[in-house]
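> model this:
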Amino acid sequence: MVGSVLNTTLRYTIALTTLASLDCADGLSALIKHCEQTLTPDDMVKFVDYSLRALVKLTPAIGAPKIVSAASIIHDSVNDTIKSRLSKDRFRPDNDNDYNAITERGKSFLNTLGGDKNSIVLAKAIEICPELRCVVQTDVYGRFLSNEAILPLKETELCVYASAVALEILVLGVAHKRGAIAFGATLEEVEAAENLGKLARTFIK
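As a prediction, this is how the structure comes out:
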């Protein structure tokens, strides 16, 4: 089984967020149907809850339209009993609003991935549009990807890495593979995420 080294919840969450990044509605519906047939109700609730957290966290990486579409598909695919058990709590704490602290958190996270100095693509983007430094550093990495209140960092990076593989975005893949390892993923877990990304891509070919 592809990704079997990962725990069940994480394996299916990576699969779901990767299919969401590809905007693959049929794949998402098929995945959820498979999970409903193979997981216990408790595990299904855990998977859907975790996947929704991952989707929220990956909004700036995948894109809001794809995230909203994926969440809508989950809503339509999951039975009412499961939906009634999902958490209604907010993922992000209300007191996480210190702009300077968020910026520093994003800067630290970005440096773990290699920083703009080690990414020619990001460096060029910032040179032509300096505002992108704030967008990437503060909004993308500070407010979302580095926010452990939503999802742990290792799991976040494995999800983003799998999506980068599926989307065939090499520069993003290199950075987030580095991030996954830096935040505690084993080489086997990284390979599992990569294989899930490759598998997801077959749904659109």
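> distance-wise, check residue 111 relative to residue 190.
20 Å (CB to CB, to the nearest Å). C-beta: built from backbone N, CA, C; applies to glycine.
> more crowded one of those two?
Counted by other CB atoms under 10 Å, residue 111 and residue 190 do not tie: residue 190 has more neighbours, with 20 against 14.
> so what's the more buried one up against?
Residue 190 makes contacts with 158, 161, 177, 180-181, as judged by CB atoms under 8 Å, 6 or more residues apart in numbering.
> of those - the most surrounded one?
residue 158 (32 neighbours).
> which SS state does that residue fall under?
helix (DSSP: H, G, I helix; E, B strand; the rest coil).
> thought it was touching residue 181?
No: Residue 158 is beyond contact range of residue 181, at 10.1 Å (criterion: CB atoms under 8 Å).
> show me where the protein dips below the pLDDT cut-off.
115-119, 205 (pLDDT under 70).
> helices of that one, start to end?
With DSSP state H as the criterion, the chain has helices at 8-21, 25-38, 41-57, 59-62, 64-77, 80-85, 99-112, 120-128, 131-134, 153-167, 170-182, 187-201.
> and of those, who's closest to residue 91?
Comparison of the helices of the chain against residue 91 by CB to CB identifies helix 41-57 as nearest, at 5.5 Å.
> thinking again about what came up before, looking at the contacts of residue 190, which is nearest residue 55?
Minimum separation from residue 55 among the contacts of residue 190 (CB to CB) is found for residue 158, which lies at 14.5 Å.
> leaving out chain neighbours, which residue sits closest to that closest one?
Of all residues beyond its chain neighbours, the one nearest residue 158 is residue 193 (4.3 Å), with distances taken as CB to CB, 6 or more residues apart in numbering.
> residues near that neighbour, how many?
Applying other CB under 10 Å, we find 32 residues neighbouring residue 193.
> tell me how far it lies from residue 101.
Distance of residue 193 to residue 101, computed by CB to CB: 29 Å.
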